[in-house]
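[1] could you work out the structure for the sequence below:
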Amino acid sequence: MLTDETRYRILKLLEAEPHASQRRIADELGLSLGRVNFCIKALVEKGLIKVNNFRNSERKRAYLYLLTPRGIEEKAVVTTRFLKRKLDEYEFIKRELEELQREAAKAQAGSEKQNAQ
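    Next comes the predicted model:
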């Protein structure tokens with residue numbers, strides 16, 4: 001399954017570094033090489049990236065990953081969805097931290113009251 005987060009991160013990385021190898025992508029994103037290969041194939045099938053391979057004297061075969069116009073549009077859409085999800089997560093964590101701080105303050109006050117007796 002190609003999640004929005006994975007799609008966003010791969011498209012972002014390839015936009016910045018079109019010569020990145022799948023191994024580099026895997027290392028950078030903390031994914032397995034097999035997962036990156038699967039994701040790249042899915043992005044190619046969806047028409048979001050184009051892959052050009054060429055011979056390189058240092059490496060037997062190298063690839064150039066280019067975002068297609070559709071890929072650029074998809075990156076913008078996925079970026080918006082990803083940002084919204086992260087903002088929602090941030091708000092949830094913020095509320096959770098505020099609640100924990102109230103509980104800790106209440107427990108601290110109760111402990112100080114008990115020690116004073």
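
[2] any regions of the protein where pLDDT drops low?
    Applying pLDDT under 70 to the chain flags the ranges 55-61, 117.

[3] grab the longest helix from it for me.
    Longest helix in the chain, counting residues (DSSP state H): helix 69-116.

[4] distance between that one and the chain's centre?
    Centroid separation between helix 69-116 and its chain, computed with C-alpha atoms, centre = their mean, to the nearest Å, is 18 Å.

[5] now for it, which elements pack on it?
    Helices and strands touching helix 69-116, as assessed by 3 or more C-beta pairs under 8 Å, 6 or more residues apart in numbering; DSSP states H and E, comprise helix 4-16. In this view, the C-beta of every residue, glycine as well, is placed from N, C-alpha and C.

[6] elements contacting the helix it packs on?
    Applying 3+ C-beta pairs under 8 Å, 6+ apart, one finds that helix 4-16 makes contact with helix 22-29, helix 33-45, strand 62-67, helix 69-116.

[7] ok, and what's touching the second one?
    So the one you mean is helix 33-45. The contact list for helix 33-45, computed with C-beta atoms under 8 Å, 6 or more residues apart in numbering, reads 2, 6-7, 10-11, 22-23, 25-26, 29, 31, 49-51, 65, 71.

[8] spatially nearest residue to Tyr65, not counting backbone neighbours?
    Counting by C-beta to C-beta, 6 or more residues apart in numbering, the nearest residue to Tyr65 once its immediate chain neighbours are dropped is Leu14, at 4.4 Å.

[9] thought the one you found was touching Ile49?
    Yes - under the criterion of C-beta atoms under 8 Å, Leu14 makes contact with Ile49 at 6.3 Å.

[10] what sits in contact with each of those two?
    Both Leu14 and Ile49 are in contact with 65-67, where contact means C-beta under 8 Å, 6+ apart.

[11] so which of those residues is the most crowded?
    Tyr65 (24 neighbours; other C-beta atoms under 10 Å).

[12] show me what it is bridged to.
    As for beta bridges, Tyr65 partners with Val51 under DSSP bridges.

[13] how far away is it from Arg95?
    40 Å (C-beta to C-beta, to the nearest Å).
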